[in-house]
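Peer 1: Dropping the sequence and predicted coords here.
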Amino acid sequence: MIQPAQPGVPRRRFLVGSLAAGTAALTARSYARVIGANDRIRVGFIGVGGMGSSHIEECLKIREADNLDLVAACDCWTSRAETAAARIGGRPFTDYRKVLDDDDVDYVTIATPEHWHARMTLDALDAGKAVYCEKPMTHSIPEAQAVTAKVKATGLPLQVGVQAMSDDSYRAAADAIRDGLLGRVVQAQIEYVRRSDKEGPWRNPGITDATPKPPDLDWDAWLGSAPPVAWNPHHYYEWRNYSPYSGGICTDLFIHRITRIMKACNLLYPRRVVGMGGIWQWPDGRDLPDNFEMICEYPRGMTVYVLGTMSNRVGIDHLIRGYRGTMQFTPTGWTARNKDGEVLAEHVKKGGEDTALHHTNLHNHIRHGEPLNCPVDLGLAGVVAVNMANESWRTSTVMGWDEARGMMAPAHTLSLSHVPEPAATP
(Lines give C-alpha, C1' and ligand atoms only; values in the text may rest on other atoms or scores of the structure.)
Protein backbone atom coordinates (compact mmCIF):
# COMPACT_ATOMS: atom_id res chain seq x y z
CA MET A 1 0.00 0.00 0.00
CA ILE A 2 1.29 3.47 -0.87
CA GLN A 3 1.45 5.65 2.22
CA PRO A 4 0.77 9.42 2.20
CA ALA A 5 3.85 11.55 1.87
CA GLN A 6 5.23 13.14 5.04
CA PRO A 7 5.19 16.95 5.30
CA GLY A 8 8.32 18.51 3.86
CA VAL A 9 9.45 15.35 2.09
CA PRO A 10 9.40 15.44 -1.75
CA ARG A 11 6.91 12.87 -3.01
CA ARG A 12 9.33 11.02 -5.28
CA ARG A 13 11.90 10.67 -2.50
CA PHE A 14 9.21 9.53 -0.05
CA LEU A 15 8.02 6.81 -2.42
CA VAL A 16 11.52 5.47 -2.91
CA GLY A 17 12.07 5.50 0.85
CA SER A 18 8.81 3.67 1.47
CA LEU A 19 9.79 1.07 -1.06
CA ALA A 20 13.12 0.51 0.60
CA ALA A 21 11.30 -0.04 3.86
CA GLY A 22 9.29 -2.84 2.29
CA THR A 23 5.96 -1.01 1.83
CA ALA A 24 5.17 -3.29 -1.14
CA ALA A 25 6.90 -6.06 -3.04
CA LEU A 26 7.68 -3.95 -6.10
CA THR A 27 10.77 -2.91 -7.99
CA ALA A 28 11.74 0.77 -8.03
CA ARG A 29 10.88 0.84 -11.72
CA SER A 30 7.38 -0.48 -11.00
CA TYR A 31 6.80 2.09 -8.28
CA ALA A 32 7.99 4.89 -10.50
CA ARG A 33 5.39 3.84 -13.03
CA VAL A 34 2.55 4.04 -10.53
CA ILE A 35 2.98 7.77 -9.83
CA GLY A 36 4.06 10.28 -12.46
CA ALA A 37 5.88 13.57 -12.01
CA ASN A 38 4.19 16.27 -9.93
CA ASP A 39 1.89 13.68 -8.38
CA ARG A 40 0.16 13.33 -11.76
CA ILE A 41 -1.34 9.96 -12.68
CA ARG A 42 -1.15 8.98 -16.33
CA VAL A 43 -3.89 6.77 -17.70
CA GLY A 44 -4.12 4.46 -20.70
CA PHE A 45 -7.41 3.06 -21.97
CA ILE A 46 -7.53 -0.48 -23.38
CA GLY A 47 -10.78 -1.12 -25.24
CA VAL A 48 -12.54 2.09 -26.28
CA GLY A 49 -15.93 0.88 -27.50
CA GLY A 50 -19.12 1.73 -25.63
CA MET A 51 -17.94 1.12 -22.07
CA GLY A 52 -14.39 2.23 -22.77
CA SER A 53 -15.64 5.50 -24.24
CA SER A 54 -17.70 6.00 -21.10
CA HIS A 55 -14.57 5.64 -19.00
CA ILE A 56 -12.86 8.24 -21.15
CA GLU A 57 -15.71 10.71 -20.71
CA GLU A 58 -15.78 10.21 -16.94
CA CYS A 59 -12.01 10.64 -16.66
CA LEU A 60 -12.18 13.79 -18.78
CA LYS A 61 -14.63 15.21 -16.24
CA ILE A 62 -12.22 14.65 -13.35
CA ARG A 63 -8.96 15.19 -15.22
CA GLU A 64 -8.12 18.50 -13.55
CA ALA A 65 -9.50 17.71 -10.10
CA ASP A 66 -7.69 14.35 -9.97
CA ASN A 67 -4.54 15.65 -11.73
CA LEU A 68 -4.65 13.13 -14.57
CA ASP A 69 -2.94 12.82 -17.92
CA LEU A 70 -4.94 10.72 -20.38
CA VAL A 71 -2.13 9.55 -22.58
CA ALA A 72 -3.11 6.47 -24.59
CA ALA A 73 -6.12 4.79 -26.21
CA CYS A 74 -5.96 1.25 -27.55
CA ASP A 75 -8.37 -0.80 -29.64
CA CYS A 76 -7.98 -3.52 -32.25
CA TRP A 77 -10.24 -1.39 -34.48
CA THR A 78 -7.75 1.23 -35.68
CA SER A 79 -10.15 4.08 -36.46
CA ARG A 80 -11.84 3.61 -33.07
CA ALA A 81 -8.46 3.86 -31.33
CA GLU A 82 -7.61 6.97 -33.32
CA THR A 83 -10.93 8.64 -32.52
CA ALA A 84 -10.51 7.95 -28.81
CA ALA A 85 -6.91 9.15 -28.83
CA ALA A 86 -7.97 12.39 -30.49
CA ARG A 87 -10.66 12.84 -27.83
CA ILE A 88 -8.11 12.70 -25.00
CA GLY A 89 -5.21 14.29 -26.85
CA GLY A 90 -3.19 11.10 -26.47
CA ARG A 91 -1.58 8.42 -28.60
CA PRO A 92 -3.46 5.65 -30.44
CA PHE A 93 -2.45 1.98 -30.21
CA THR A 94 -3.85 -1.19 -31.73
CA ASP A 95 -1.76 -3.63 -29.64
CA TYR A 96 -2.41 -3.35 -25.90
CA ARG A 97 1.08 -4.66 -25.13
CA LYS A 98 2.54 -1.45 -26.54
CA VAL A 99 0.48 0.51 -24.01
CA LEU A 100 1.94 -1.63 -21.26
CA ASP A 101 5.46 -1.02 -22.58
CA ASP A 102 4.90 2.74 -22.47
CA ASP A 103 6.64 4.31 -19.47
CA ASP A 104 4.27 7.28 -19.76
CA VAL A 105 1.36 5.09 -18.58
CA ASP A 106 0.88 4.59 -14.83
CA TYR A 107 -2.39 2.63 -14.88
CA VAL A 108 -4.70 1.17 -17.46
CA THR A 109 -8.45 0.87 -17.70
CA ILE A 110 -9.52 -2.42 -19.29
CA ALA A 111 -12.97 -2.27 -20.89
CA THR A 112 -12.94 -5.14 -23.35
CA PRO A 113 -15.11 -8.25 -23.74
CA GLU A 114 -14.80 -10.49 -20.69
CA HIS A 115 -12.64 -13.15 -22.32
CA TRP A 116 -9.75 -10.65 -22.52
CA HIS A 117 -9.89 -9.36 -18.94
CA ALA A 118 -7.54 -11.88 -17.34
CA ARG A 119 -4.80 -11.86 -19.96
CA MET A 120 -4.67 -8.08 -20.14
CA THR A 121 -4.77 -7.67 -16.36
CA LEU A 122 -2.01 -10.19 -15.78
CA ASP A 123 0.15 -8.58 -18.45
CA ALA A 124 -0.50 -5.12 -17.02
CA LEU A 125 0.51 -6.21 -13.53
CA ASP A 126 3.64 -7.85 -14.91
CA ALA A 127 4.43 -4.52 -16.60
CA GLY A 128 4.16 -2.71 -13.26
CA LYS A 129 0.87 -0.97 -14.00
CA ALA A 130 -2.03 -0.40 -11.66
CA VAL A 131 -5.32 -1.61 -13.16
CA TYR A 132 -8.97 -0.63 -13.32
CA CYS A 133 -10.66 -3.69 -14.87
CA GLU A 134 -14.32 -3.67 -15.78
CA LYS A 135 -16.56 -6.30 -14.24
CA PRO A 136 -16.51 -9.22 -14.12
CA MET A 137 -12.88 -9.31 -13.10
CA THR A 138 -12.35 -12.35 -15.34
CA HIS A 139 -14.31 -14.73 -17.54
CA SER A 140 -13.60 -17.84 -15.44
CA ILE A 141 -12.79 -18.87 -11.89
CA PRO A 142 -9.25 -20.13 -12.58
CA GLU A 143 -8.49 -16.84 -14.33
CA ALA A 144 -9.76 -14.90 -11.32
CA GLN A 145 -7.59 -16.98 -9.01
CA ALA A 146 -4.56 -16.29 -11.21
CA VAL A 147 -5.24 -12.55 -11.18
CA THR A 148 -5.68 -12.60 -7.38
CA ALA A 149 -2.36 -14.37 -6.94
CA LYS A 150 -0.64 -11.88 -9.25
CA VAL A 151 -2.05 -8.87 -7.38
CA LYS A 152 -0.81 -10.28 -4.09
CA ALA A 153 2.59 -11.10 -5.57
CA THR A 154 3.14 -7.66 -7.11
CA GLY A 155 1.42 -5.49 -4.51
CA LEU A 156 -0.07 -3.43 -7.32
CA PRO A 157 -3.62 -2.04 -7.09
CA LEU A 158 -6.52 -3.59 -8.98
CA GLN A 159 -9.88 -1.85 -8.87
CA VAL A 160 -12.72 -4.06 -10.18
CA GLY A 161 -15.37 -2.12 -12.08
CA VAL A 162 -18.38 -2.80 -9.87
CA GLN A 163 -19.09 0.89 -9.54
CA ALA A 164 -21.83 0.50 -6.91
CA MET A 165 -19.08 -0.25 -4.41
CA SER A 166 -18.40 3.51 -4.45
CA ASP A 167 -21.79 3.91 -2.75
CA ASP A 168 -21.02 3.73 0.98
CA SER A 169 -24.42 2.12 1.77
CA TYR A 170 -22.94 -1.36 1.62
CA ARG A 171 -19.99 -0.62 3.87
CA ALA A 172 -22.37 1.00 6.35
CA ALA A 173 -24.68 -2.01 6.10
CA ALA A 174 -21.75 -4.33 6.82
CA ASP A 175 -20.90 -2.36 9.97
CA ALA A 176 -24.50 -2.42 11.18
CA ILE A 177 -24.95 -6.13 10.49
CA ARG A 178 -21.66 -6.96 12.19
CA ASP A 179 -22.84 -5.02 15.25
CA GLY A 180 -26.01 -7.11 15.42
CA LEU A 181 -28.61 -4.64 14.11
CA LEU A 182 -30.54 -7.35 12.24
CA GLY A 183 -29.72 -10.29 14.49
CA ARG A 184 -28.82 -13.48 12.67
CA VAL A 185 -29.02 -12.74 8.95
CA VAL A 186 -30.68 -15.57 7.06
CA GLN A 187 -31.66 -14.29 3.61
CA ALA A 188 -31.19 -11.53 1.06
CA GLN A 189 -32.87 -10.73 -2.23
CA ILE A 190 -31.97 -8.40 -5.07
CA GLU A 191 -32.61 -8.10 -8.80
CA TYR A 192 -31.46 -6.72 -12.14
CA VAL A 193 -34.49 -6.60 -14.42
CA ARG A 194 -35.06 -5.01 -17.82
CA ARG A 195 -37.65 -5.14 -20.56
CA SER A 196 -35.66 -5.48 -23.76
CA ASP A 197 -36.74 -4.22 -27.15
CA LYS A 198 -38.25 -6.66 -29.60
CA GLU A 199 -34.79 -7.59 -30.90
CA GLY A 200 -33.89 -9.00 -27.50
CA PRO A 201 -31.22 -8.19 -24.91
CA TRP A 202 -27.93 -6.92 -26.29
CA ARG A 203 -29.11 -7.03 -29.89
CA ASN A 204 -28.41 -4.11 -32.20
CA PRO A 205 -31.20 -3.65 -34.76
CA GLY A 206 -28.71 -2.25 -37.24
CA ILE A 207 -26.60 -5.42 -37.28
CA THR A 208 -27.41 -8.19 -39.77
CA ASP A 209 -25.67 -11.32 -40.97
CA ALA A 210 -24.37 -9.27 -43.90
CA THR A 211 -22.82 -6.48 -41.83
CA PRO A 212 -19.24 -6.28 -43.13
CA LYS A 213 -16.13 -6.29 -41.01
CA PRO A 214 -14.59 -2.83 -40.73
CA PRO A 215 -11.50 -2.95 -42.96
CA ASP A 216 -9.22 -1.71 -40.17
CA LEU A 217 -10.51 -4.10 -37.48
CA ASP A 218 -8.16 -6.94 -36.51
CA TRP A 219 -10.71 -9.73 -36.02
CA ASP A 220 -8.16 -12.34 -34.96
CA ALA A 221 -6.80 -10.00 -32.30
CA TRP A 222 -10.34 -9.41 -30.99
CA LEU A 223 -10.96 -13.17 -30.77
CA GLY A 224 -7.75 -13.75 -28.85
CA SER A 225 -8.05 -17.00 -26.89
CA ALA A 226 -11.67 -17.58 -27.96
CA PRO A 227 -12.35 -20.36 -30.49
CA PRO A 228 -11.37 -19.22 -34.00
CA VAL A 229 -14.38 -18.40 -36.16
CA ALA A 230 -14.87 -16.50 -39.37
CA TRP A 231 -16.00 -12.88 -39.11
CA ASN A 232 -19.35 -12.78 -37.37
CA PRO A 233 -20.92 -9.33 -36.88
CA HIS A 234 -23.24 -10.64 -34.15
CA HIS A 235 -20.32 -12.00 -32.15
CA TYR A 236 -18.45 -8.72 -32.44
CA TYR A 237 -21.22 -6.19 -31.86
CA GLU A 238 -23.42 -8.35 -29.63
CA TRP A 239 -20.82 -10.42 -27.79
CA ARG A 240 -22.72 -10.52 -24.47
CA ASN A 241 -25.05 -13.12 -26.02
CA TYR A 242 -22.28 -15.70 -26.56
CA SER A 243 -20.47 -17.77 -23.98
CA PRO A 244 -16.96 -17.68 -25.53
CA TYR A 245 -16.85 -13.98 -24.69
CA SER A 246 -19.32 -13.43 -21.84
CA GLY A 247 -21.46 -15.00 -19.14
CA GLY A 248 -24.49 -12.94 -20.16
CA ILE A 249 -27.00 -11.84 -17.54
CA CYS A 250 -24.99 -13.41 -14.72
CA THR A 251 -21.60 -11.88 -15.39
CA ASP A 252 -22.68 -8.62 -16.99
CA LEU A 253 -25.59 -7.72 -14.68
CA PHE A 254 -25.80 -9.98 -11.62
CA ILE A 255 -22.22 -9.20 -10.71
CA HIS A 256 -23.37 -5.64 -9.97
CA ARG A 257 -26.05 -6.87 -7.60
CA ILE A 258 -24.60 -9.82 -5.76
CA THR A 259 -21.40 -7.92 -5.01
CA ARG A 260 -23.54 -5.47 -3.02
CA ILE A 261 -24.90 -8.26 -0.85
CA MET A 262 -21.47 -9.85 -0.46
CA LYS A 263 -20.08 -6.52 0.76
CA ALA A 264 -22.96 -5.90 3.15
CA CYS A 265 -22.99 -9.42 4.61
CA ASN A 266 -19.24 -10.10 4.54
CA LEU A 267 -19.58 -13.06 2.17
CA LEU A 268 -16.89 -14.82 0.21
CA TYR A 269 -17.52 -18.12 -1.61
CA PRO A 270 -20.97 -19.75 -1.78
CA ARG A 271 -21.45 -23.25 -0.45
CA ARG A 272 -24.07 -24.23 -3.04
CA VAL A 273 -25.47 -22.39 -6.08
CA VAL A 274 -28.44 -22.99 -8.36
CA GLY A 275 -28.96 -21.15 -11.63
CA MET A 276 -32.27 -21.41 -13.49
CA GLY A 277 -33.71 -19.82 -16.60
CA GLY A 278 -33.50 -20.21 -20.32
CA ILE A 279 -33.66 -18.79 -23.80
CA TRP A 280 -37.39 -18.31 -23.49
CA GLN A 281 -38.24 -15.27 -25.57
CA TRP A 282 -35.45 -14.69 -28.07
CA PRO A 283 -34.22 -18.01 -29.58
CA ASP A 284 -32.11 -16.12 -32.08
CA GLY A 285 -28.82 -18.00 -31.98
CA ARG A 286 -27.65 -16.80 -28.58
CA ASP A 287 -26.33 -19.49 -26.22
CA LEU A 288 -26.89 -17.61 -22.95
CA PRO A 289 -30.24 -17.14 -21.16
CA ASP A 290 -32.51 -14.19 -21.81
CA ASN A 291 -34.26 -14.79 -18.45
CA PHE A 292 -32.34 -16.01 -15.43
CA GLU A 293 -32.32 -16.29 -11.65
CA MET A 294 -29.93 -17.69 -9.10
CA ILE A 295 -29.85 -18.74 -5.46
CA CYS A 296 -26.59 -18.87 -3.53
CA GLU A 297 -26.23 -20.52 -0.12
CA TYR A 298 -23.37 -19.19 1.98
CA PRO A 299 -21.52 -20.97 4.81
CA ARG A 300 -22.48 -18.31 7.36
CA GLY A 301 -26.01 -19.71 7.15
CA MET A 302 -27.93 -17.58 4.64
CA THR A 303 -29.18 -17.60 1.08
CA VAL A 304 -29.08 -14.87 -1.55
CA TYR A 305 -31.69 -14.75 -4.30
CA VAL A 306 -31.11 -12.76 -7.50
CA LEU A 307 -33.85 -12.22 -10.09
CA GLY A 308 -32.97 -11.28 -13.65
CA THR A 309 -35.55 -11.10 -16.39
CA MET A 310 -34.98 -9.24 -19.63
CA SER A 311 -38.72 -9.46 -20.46
CA ASN A 312 -40.22 -7.39 -17.63
CA ARG A 313 -38.89 -4.41 -15.72
CA VAL A 314 -40.96 -4.80 -12.54
CA GLY A 315 -38.41 -5.49 -9.84
CA ILE A 316 -38.41 -6.68 -6.25
CA ASP A 317 -37.27 -4.89 -3.11
CA HIS A 318 -33.59 -5.13 -2.29
CA LEU A 319 -33.63 -6.65 1.20
CA ILE A 320 -31.47 -8.31 3.81
CA ARG A 321 -33.51 -10.31 6.32
CA GLY A 322 -32.42 -11.05 9.86
CA TYR A 323 -34.10 -12.40 12.99
CA ARG A 324 -34.34 -8.96 14.64
CA GLY A 325 -35.10 -6.90 11.56
CA THR A 326 -35.02 -6.31 7.81
CA MET A 327 -32.80 -3.87 5.91
CA GLN A 328 -34.23 -2.34 2.74
CA PHE A 329 -31.99 -0.54 0.26
CA THR A 330 -33.42 2.54 -1.43
CA PRO A 331 -32.14 5.15 -3.89
CA THR A 332 -31.03 7.26 -0.92
CA GLY A 333 -29.44 4.59 1.29
CA TRP A 334 -31.12 2.04 3.54
CA THR A 335 -33.63 1.67 6.35
CA ALA A 336 -33.75 -1.19 8.87
CA ARG A 337 -37.05 -2.02 10.58
CA ASN A 338 -38.10 -4.58 13.16
CA LYS A 339 -40.93 -7.06 12.75
CA ASP A 340 -43.49 -4.39 13.68
CA GLY A 341 -42.22 -1.91 11.12
CA GLU A 342 -40.48 0.31 13.63
CA VAL A 343 -37.28 1.93 12.36
CA LEU A 344 -34.15 0.48 13.95
CA ALA A 345 -31.65 2.55 11.99
CA GLU A 346 -31.27 4.50 8.76
CA HIS A 347 -28.38 5.40 6.51
CA VAL A 348 -28.25 8.23 3.98
CA LYS A 349 -25.71 7.26 1.38
CA LYS A 350 -22.60 9.10 0.34
CA GLY A 351 -21.24 8.46 -3.12
CA GLY A 352 -23.12 6.28 -5.56
CA GLU A 353 -22.89 3.91 -8.51
CA ASP A 354 -20.57 6.26 -10.31
CA THR A 355 -17.64 5.49 -12.63
CA ALA A 356 -15.85 8.76 -11.89
CA LEU A 357 -16.03 8.15 -8.13
CA HIS A 358 -14.70 4.63 -8.67
CA HIS A 359 -11.70 6.00 -10.58
CA THR A 360 -11.13 8.67 -7.94
CA ASN A 361 -11.08 5.97 -5.27
CA LEU A 362 -8.30 4.22 -7.21
CA HIS A 363 -6.41 7.51 -7.53
CA ASN A 364 -6.72 8.10 -3.79
CA HIS A 365 -5.52 4.57 -3.13
CA ILE A 366 -2.46 5.09 -5.32
CA ARG A 367 -1.61 8.42 -3.71
CA HIS A 368 -2.70 8.00 -0.11
CA GLY A 369 -3.50 4.34 0.54
CA GLU A 370 -7.27 4.83 0.73
CA PRO A 371 -8.87 1.36 0.75
CA LEU A 372 -10.11 0.23 -2.64
CA ASN A 373 -13.88 0.06 -2.90
CA CYS A 374 -13.81 -3.13 -4.99
CA PRO A 375 -10.50 -4.92 -4.44
CA VAL A 376 -9.37 -8.18 -5.94
CA ASP A 377 -10.76 -10.50 -3.23
CA LEU A 378 -14.25 -9.10 -3.73
CA GLY A 379 -13.81 -9.40 -7.49
CA LEU A 380 -12.84 -13.05 -7.13
CA ALA A 381 -15.81 -13.83 -4.88
CA GLY A 382 -18.18 -12.35 -7.44
CA VAL A 383 -16.65 -14.34 -10.29
CA VAL A 384 -17.04 -17.55 -8.27
CA ALA A 385 -20.74 -16.96 -7.56
CA VAL A 386 -21.83 -16.06 -11.08
CA ASN A 387 -19.77 -18.78 -12.73
CA MET A 388 -21.26 -21.38 -10.41
CA ALA A 389 -24.74 -20.14 -11.33
CA ASN A 390 -24.03 -20.34 -15.05
CA GLU A 391 -22.52 -23.80 -14.71
CA SER A 392 -25.57 -24.94 -12.75
CA TRP A 393 -27.80 -23.72 -15.57
CA ARG A 394 -25.69 -25.33 -18.27
CA THR A 395 -25.51 -28.72 -16.53
CA SER A 396 -28.86 -28.79 -14.67
CA THR A 397 -26.83 -29.47 -11.52
CA VAL A 398 -26.58 -27.85 -8.11
CA MET A 399 -22.99 -26.65 -7.96
CA GLY A 400 -20.93 -26.73 -4.78
CA TRP A 401 -17.69 -25.06 -3.76
CA ASP A 402 -14.83 -27.45 -3.03
CA GLU A 403 -12.90 -25.37 -0.54
CA ALA A 404 -9.99 -27.79 -0.31
CA ARG A 405 -9.35 -27.71 -4.04
CA GLY A 406 -10.51 -24.14 -4.66
CA MET A 407 -12.92 -25.07 -7.43
CA MET A 408 -16.58 -25.70 -8.16
CA ALA A 409 -17.94 -29.23 -8.49
CA PRO A 410 -21.38 -30.85 -8.55
CA ALA A 411 -22.68 -30.42 -5.01
CA HIS A 412 -23.70 -34.06 -4.68
CA THR A 413 -20.05 -35.12 -5.12
CA LEU A 414 -18.94 -33.06 -2.11
CA SER A 415 -19.49 -33.41 1.62
CA LEU A 416 -21.11 -30.06 2.28
CA SER A 417 -22.51 -29.15 5.68
CA HIS A 418 -25.90 -27.63 6.34
CA VAL A 419 -24.63 -26.13 9.60
CA PRO A 420 -23.62 -22.42 9.69
CA GLU A 421 -20.04 -21.54 10.37
CA PRO A 422 -19.60 -20.63 14.07
CA ALA A 423 -18.44 -17.13 13.14
CA ALA A 424 -21.88 -16.41 11.66
CA THR A 425 -23.46 -16.16 15.11
CA PRO A 426 -24.07 -12.47 15.98
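Peer 2: Now that the structure is in, tell me what you want to look at. Numbers count the residues shown, from 1 in each chain.
Peer 1: Excluding chain neighbours, what is closest to I261?
Peer 2: A188 (4.7 Å; Cβ to Cβ, 6 or more residues apart in numbering). Backbone N, C-alpha and C define where each C-beta goes, glycine included.
Peer 1: Next: V105.
Peer 2: Nearest one to V105, counting by Cβ to Cβ, 6+ apart, is G44 at 4.0 Å.
Peer 1: same question, C250
Peer 2: Spatial nearest neighbour of C250, chain neighbours left out: V386 (4.2 Å); criterion: Cβ to Cβ, 6+ apart.
Peer 1: Which residue comes closest to H234 once chain neighbours are left out?
Peer 2: Closest to H234 by Cβ to Cβ, 6+ apart is I207, at 6.3 Å.
Peer 1: Equivalent analysis for C133, please.
Peer 2: Among residues not flanking C133 along the chain, I110 sits closest, at 4.5 Å (Cβ to Cβ, 6+ apart).
Peer 1: Bridge partners for that neighbour, pull those for me.
Peer 2: Taking DSSP bridges as the rule, I110 bridges to I46, C133.
Peer 1: who are the neighbours in contact with the residue most central in space within the chain?
Peer 2: With the centre of the chain defined as its mean C-alpha position, the nearest residue by Cα atoms, centre = their mean is K135, 2.7 Å away. Applying Cβ atoms under 8 Å, 6 or more residues apart in numbering, we find K135 in contact with 160-162, 251-252, 255-256, 259, 379, 382.
Peer 1: Output those as TSV; include the columns pLDDT and distance to P299.
Peer 2: Output for these, formatted as TSV (pLDDT from 0 to 100; distance: Cβ to Cβ, whole Å):
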residue	pLDDT	distance to P299
V160	98	22
G161	98	27
V162	98	22
T251	97	23
D252	97	27
I255	97	20
H256	97	23
T259	98	18
G379	98	20
G382	98	17
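Peer 1: just to revisit the earlier point, quick check on the residue nearest to I261: phi, psi?
Peer 2: Note on A188: its backbone torsions stand at phi -140, psi 150 [degrees, to the nearest 10].
Peer 1: and what of the one 4 residues further on?
Peer 2: For Y192, the backbone dihedrals are phi -140, psi 100 (criterion: degrees, to the nearest 10).
Peer 1: What does the pLDDT read for the residue nearest to it when sequence neighbours are not counted?
Peer 2: In this structure, Y192 finds its nearest non-sequential neighbour in L253, 4.1 Å apart by Cβ to Cβ, 6+ apart. Looking at L253, its pLDDT reads 97.
Peer 1: Tell me how many other residues surround G351.
Peer 2: Using other Cβ atoms under 10 Å, G351 is surrounded by 18 other residues.
Peer 1: M165 is in contact with that one, correct?
Peer 2: No - look at G351 against M165 with Cβ atoms under 8 Å: they stay out of range, at 9.1 Å.
Peer 1: chain center to stretch 188-205, what's the gap?
Peer 2: The chain centre lies 19 Å from the centre of stretch 188-205; the measure is Cα atoms, centre = their mean, to the nearest Å.
Peer 1: repeat for stretch 309-317
Peer 2: Counting by Cα atoms, centre = their mean, stretch 309-317 comes out at 22 Å from the chain centroid.
Peer 1: And the chain, split by domain according to the record?
Peer 2: Per the record, the chain has its domains at 11-164, 166-200+245-352+376-424, by automatic domain parsing.
Peer 1: follow-up on the earlier one: quick one, phi psi at the residue nearest to the centre of the chain?
Peer 2: phi -70, psi 160.
Peer 1: check contacts around the residue lying closest to W116 once chain neighbours are set aside.
Peer 2: In space, and not counting its chain neighbours, W116 is closest to G224: 5.6 Å by Cβ to Cβ, 6+ apart. By Cβ under 8 Å, 6+ apart, G224 lies in contact with 115-116, 119.
Peer 1: now, which of the residues you listed sits nearest T309?
Peer 2: Of all the contacts of G224, T309 sits closest to H115, with 25.4 Å by Cβ to Cβ.
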